[in-house]
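**Q** pasting a predicted model and its sequence here:
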Amino acid sequence: MIITYEHTDRAGRPVTLHEVDADNWRAVADCAPRDDQRDWVPALAARYLVLTAREDTWHSLAVLAGDEVTGHIMWARDEDGSYWIGGMLIDAAHQARGIGAAAVRTLSMWLSARPGCTAVRLSYAPSNEAAAHLYASLGFRPTGVEEDGEVVAEWVVGGGGGGAQRVESAA
């Protein structure tokens, strides 16, 4: 499965989301954040892959810019019909290129188009100002609710994000 809404990074490369499979899982697992981000994300995306492999709640996706694996993002459905985005980790070597923004925008649009979706949510540490700024720039608004000490933000379905029609194909 490939998810794309024709969003690109700053170099013009298409940013797409792919099912984690036998061909890309090692590259996803090796993605690591900058050292100064480790208060908010694990040292390697491998931790997220283990979580999604052992539980039925979260679903991992590889983030690609062009043909290169650049990170990880995951999603889940809540009982209330909302979808959650979590586990976004863009490899340190690929940050500050618009890949994370394009990945969140793409996944938000894909999730919002799923039957019964009422909202798309995510959470971040209150001290993570970069995440707060990124998510606000993409249309996520704090709900006033905290979960596990994190700010919950919501992107209301039909509330923005922009982009081209969804394309989903078998890899």
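**A** Yes, it's here.
**Q** chain center to the strand ranked longest in the chain: distance?
**A** In the chain, assigned by DSSP state E, the strand with the most residues is strand 68-77. In terms of Cα atoms, centre = their mean, to the nearest Å, the centre of strand 68-77 is found 5 Å from the chain centre.
**Q** then stretch 1-20?
**A** Stretch 1-20 sits 12 Å away from the centroid of its parent chain (Cα atoms, centre = their mean).
**Q** same check on stretch 66-84?
**A** The chain centre lies 5 Å from the centre of stretch 66-84; the measure is Cα atoms, centre = their mean.
**Q** so where is the protein shaky, pLDDT-wise?
**A** Scanning the chain with the threshold set as pLDDT under 70 gives 42, 44, 156-171.
**Q** now do the SS call for the residue at the greatest distance from the centre of it.
**A** Distance from the C-alpha centroid of the chain, by Cα atoms, centre = their mean, peaks at residue 144 (21.4 Å). Classification of residue 144 by DSSP: H, G, I helix; E, B strand; the rest coil places it in strand.
**Q** quick one, strands of the chain?
**A** Going by DSSP E, the chain shows strands at 2-4, 15-19, 59-65, 68-77, 83-90, 119-124, 141-147, 150-156, 167-169.
**Q** let's have the ones you listed in a markdown table, adding distance to residue 131.
**A** Yep, even glycine has a C-beta here, placed from its N, CA and C like the rest. Listed next are the strands of the chain as a markdown table, based on distance: least, Cβ to Cβ, whole Å:
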| stretch | distance to residue 131 |
| --- | --- |
| strand 2-4 | 22 |
| strand 15-19 | 18 |
| strand 59-65 | 16 |
| strand 68-77 | 13 |
| strand 83-90 | 9 |
| strand 119-124 | 4 |
| strand 141-147 | 12 |
| strand 150-156 | 9 |
| strand 167-169 | 27 |
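**Q** for the residue most central in space within the chain, which non-adjacent residue is closest in space?
**A** Closest to where the C-alpha atoms of the chain average out (Cα atoms, centre = their mean) is residue 73, at 3.8 Å. Take residue 73 and drop its neighbours on the chain: the residue closest to it by Cβ to Cβ, 6 or more residues apart in numbering is residue 88, 4.6 Å away.
**Q** surely the residue nearest to the centre of the chain and residue 103 touch.
**A** Yes - contact criterion Cβ atoms under 8 Å: residue 73 and residue 103 qualify, at 5.2 Å.
**Q** right, and residue 107 touches residue 76 too?
**A** No - if you go by Cβ under 8 Å, residue 107 and residue 76 don't touch, sitting 11.4 Å apart.
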